[in-house]
Structure formats: structure tokens, C-alpha cells
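below are the sequence and a predicted model for it; my questions follow.
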Amino acid sequence: MTLASWMDESSSFAPDARTAKHTPFFEPVVNSFNDGGYRPNVSYHYNPNVSAYHYGVRHPMKPFRLMLTDHLVIGYKLHEQMDLYETRRATEEELLNFHSADYIEFLQRITPENSTKFADDLKKFNIGDDCPVFDGMYDYCQYYAGASLDASRKLISGMSDIAINWSGGLHHAKKYEPSGFCYVNDIVMAILNLLRVHSRILYIDIDLHHGDGVQEAFYLTDRVMTVSFHKYNGEFFPGTGNYDEVGVGKGKHFALNVPLQDGIDDESYVRLFKSVIEPVIAKFRPTAIIQQCGADSLGCDRLGCFNLNIKAHGECVKYVKSFGVPMLCLGGGGYTPRNVSRLWCYETSVLANVELNSKLPDSLPFRSWFQPDYSLHPNLGDRFENKNTKKYLDNLRVQLLENLRYLNQAPSVQMQEIPPDLQNITDDKEAQLVDRIKRESEIDKYKDAERYYVNKKDESRRGELLD
Ligand SMILES: [Zn+2]
């Protein structure tokens, strides 16, 4: 039975029970979008609870950067230009769409108090300094993953053209274990959700670090193209992401990596970004785009080594938006909270088509965090020497365009008719729908692989979506 005929059998639909608030928490009164005719509906997905978790006093990941971001967004009245949704938690079942059952069970059971009883599991699941056990860890995962899933559902239903979740973008998490401050991979889950109705999804990652968890999950498929710009020298975390990692099997040429050296500046980064993304979009013709906007690629980041300013980082987001493809914008790394929040507020304004005064609003809570300049655009661009010579960047561009030469034809996946009101189906019906699409598409080839370790040099390494 096709999806379309299944839809015909169903005569009535209950309201969407999966999104905590079906009706936006706040709907704009006036829609002032005007970007060359493109007037996207923008939705902002947030939950204040997610910013209250603590990885630990010395840990660089500070979820309260999300609270600072929300304050800036509200201080600049950007919420008046977007639909606001308070997000729900992801369910266990949704986490299991990507993660293994034993890993999720471990996340549910472990606490700082009982962790000594789980010594073997702590080792097995790579728990340590980077990914410590902290109070409410599982709840935290449910919040940020639920927000990305909510946002993806608004894109699927057509209620949003651009959906934003700054608490998401945790690109390193693997099926069986956490990695690099990331416990569950909300990006992979959102992409799996979008694959139900989208034939080709482009993932763009401008975090300082390689988007290895997402690349690995879709390394063998041509329906998701991953493009990551990051620092690479073979040792810098996570150690992967050289230009010769291009995908395997059916996924060959559908992964693209842009390895960069310390100190890259605004102009070189933006020029390279546009010269790569333009042909990627022209050739792959994505029907949806996910952009991971990790803020650790900014200059002056606590863990960073690039020289990017907020406007340059935002220019990449603006450029991707200009193609008018439905887009999910996520956060990611970023370890100097005041600059993370400045960046994501600025990028929210770019997506919502609002021009902001550089001077921060007077009434901003926590305004003292932004001293001494109280500006949205402090100079972040001159801390590191630029090790990316013109020759290095020219050679890299030639190599990347060479990789793209093989991408002559976007895969045409036979998709069933998109249900007109997917947002209104009940959980039961949706479960049936998901099951059916899973069986009918490549996703059904996804199976529980044996636990394995990735050898980054090994061309034969296995992705999560087995061919
Ligand atoms: Zn990062």
C-alpha cells in the first residue's frame, strides 16, 4: 500500500499531540519579512529549562549561554517577528530511532550519586572529562533533542520555512556513545525525521570541529549530503575531516570536508564558503537544509583558533538562506558565552530579516556580561596568526571543486505524495506512517550493527545507515 492510499483511508485527524504547544506561544502581529520576494515563516523553538543544566564548574560547555541568547533575542524584540514554540522533550522511542537501547538505558539510569556502581559502563560508554555524568543529564538530552524534532516537524508540515533551535546541533554524539560534550545526536534524529518526506537533505556544519557524528550516520547514503568546514590537522578533535573523506558506496561524493588551519579570517572563510556551497546546492538540489551554526569558530572562543567575526559567521547563514530552501538552523559548540549569545541573536535577526542596532538594548538582563563595549559586534578577529596561506586555500578550493565534479546528478528518490496535513496526525497514525516509510525507503536498511570503533583512515568504515 502506498503512503497516499493509506492517507486516503483516514478521514479525520486529531491535533498534533507531539508538539507541546501546537499553537505558537507567540504569533507575530505584523510580518515584515521582505527579502527579494522570499518571505519565510520563521519559528523559534526554545525551552528555558535546557539552560539550567551544568556540565560542571570547570567544563567549558555552559548551557546558560542559551539563556543569554534568549534574553538578547527578546531584548531586541526579535520574538515579535517569529512564531515562538516552547518545546517538549524527545521521547525514549524517538531517541531510539538513532541510538542503541543499551546506551539510552545507561543515560536514563546513571547519576553522579550512583556512577561508582557503573564503573564498567562508564568505560564502555566513553564517560570522562569531555562527557561527564551530571545531574539531569538525560532530561537535558531530551530537551535539546525534542526541540530539534519539534523544529523539524514544523518544516515538514510547512508551518515554518525556517526553524531555529539554538540548544541543538550536538554533532559529535554517536549511536553507541557520547563524544565531545554531545550525548545524543539531535541532528541525526531531525534528519531521519525530515527524510520521511524530503528526498535530498543538505547538512552544512560551520562549527570549529568536524561534524563527525552526522557524517558517519549518513556516510553510505546519497540522500543526505554532509559538508563540514573545520580546523583539521589530524590531531585536533575529533581527528577526522580531511578533504579525502568523501563518503562510501552509494554515499561516495556525498560527504565534503573543508579542512582549515588556525587563524582563518573573515574574507577567506566567507569566500571559500560561498564558492563551495553554491555548486553544492546547484548540483545536489536539496529539498531541505540543516545548518549547524557552532559558535566556537568565532575569534576569541575559549576553545577556538579561528579569527571569525560575528558578521562573517552570519554571512554564511544569510547566504544559505538566500537559496530559499526550507531550513533548520541549530547551535553547536561555542565556549565564550557572551559571544555565543551575540552570534546566535545576530543570526536570528538575519533569518528573521531584521536589522539590529549594534548597541545592545539598555533593558537587557545580565547586560554586565557584555561589558566593556556593550556591542553586538565586538572585534574578535585578530587573536591568531592566519596559517591559511593563499596557496593553501587555492589548492583546497581546487580539490573540493574536483570532488564536486563527480556530483553531476542529484539522486532522484521516488517519494510518495507528501501528506497535506502531516502536522495533524495522531501518534498512532504517525507511528504507522513512520513504520511504512521506513520499510519503503532506504532507512529500513538501517540495522543494529555490532558495536564498532571507527578507524578514521579506514575507507571501509561502516556508517549507521547500511546500504
Ligand atoms: Zn565545536
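Nice, I can see it.

my read: His210 touches Pro238, true?
Yes. Using C-beta atoms under 8 Å, His210 makes contact with Pro238 at a distance of 5.8 Å. C-beta here means a position set from N, CA and C on the backbone, and glycine is covered the same way.

so the two - more neighbours on which side?
Neighbour totals were compared for His210 and Pro238, and His210 leads with 29 against 18 (other C-beta atoms under 10 Å).

contacting residues around that one?
With contacts defined as C-beta atoms under 8 Å, 6 or more residues apart in numbering, His210 is in contact with 228, 230, 232, 238, 240-241, 257.

and for Lys252?
246, 406.

which pLDDT does the model give it?
pLDDT for Lys252: 94.

ok so, going back, now the two most distant members of the contacts of His210.
Pro238 and Asn257 (12.1 Å; C-beta to C-beta).

so which helix or strand takes in the residue in the stretch 201-350 of the chain that the ion sits nearest to?
Here the stretch 201-350 of the chain gets closest to the ion at one residue, Gly333, 2.6 Å apart by C-beta to the ion. Counting by DSSP states H and E, no helix or strand carries Gly333.

need the pLDDT of it.
At Gly333, the pLDDT recorded in the model is 98.

ditto for Ala119
86.

confirm it sits in a strand?
No. Under the criterion used here (DSSP: H, G, I helix; E, B strand; the rest coil), Ala119 is helix, not part of a strand.

tally up the residues packed near it, please.
Ala119, neighbours per other C-beta under 10 Å, totals 9.

mind checking how far it is from the ion?
Here Ala119 is placed at a distance of 29 Å from the ion (C-beta to the ion, to the nearest Å).

just Arg367 next, same as before
Arg367 is 27 Å from the ion, where distance means C-beta to the ion.

hmm, Asp373 and that residue touching each other?
No. Counting by C-beta under 8 Å, Arg367 stays clear of Asp373, with 11.7 Å between them.

which ones are touching the residue nearest to Arg89 when sequence neighbours are not counted?
Closest residue to Arg89 apart from its sequence neighbours, by C-beta to C-beta, 6 or more residues apart in numbering: Gln142 at 3.6 Å. Going by C-beta under 8 Å, 6+ apart, Gln142 touches 89-91, 95.

helices - which of those land there?
Taking DSSP state H as the definition of helices, the contacts of Gln142 contribute Leu95.

least trustworthy helix or strand in this structure by mean pLDDT?
helix 3-9 (a mean of 31; mean pLDDT, DSSP states H and E).

export the helix or strand that it is followed by to PDB, keeping only CA atoms.
Toward the C-terminus, helix 3-9 is succeeded by strand 42-46 as the next helix or strand (DSSP H and E). Output of strand 42-46 as PDB, limited to C-alpha atoms (Å, rounded to 0.1, in the frame of the first residue of the first chain):
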ATOM      1  CA  VAL A  42      10.400  31.700  10.800                       C
ATOM      2  CA  SER A  43       9.900  29.800  14.000                       C
ATOM      3  CA  TYR A  44      12.000  29.900  17.200                       C
ATOM      4  CA  HIS A  45      12.000  26.700  19.300                       C
ATOM      5  CA  TYR A  46      13.200  27.000  22.900                       C
END
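
parallel or antiparallel, list what pairs with strand 42-46.
strand 83-86 (parallel), strand 162-165 (parallel) (DSSP bridges).
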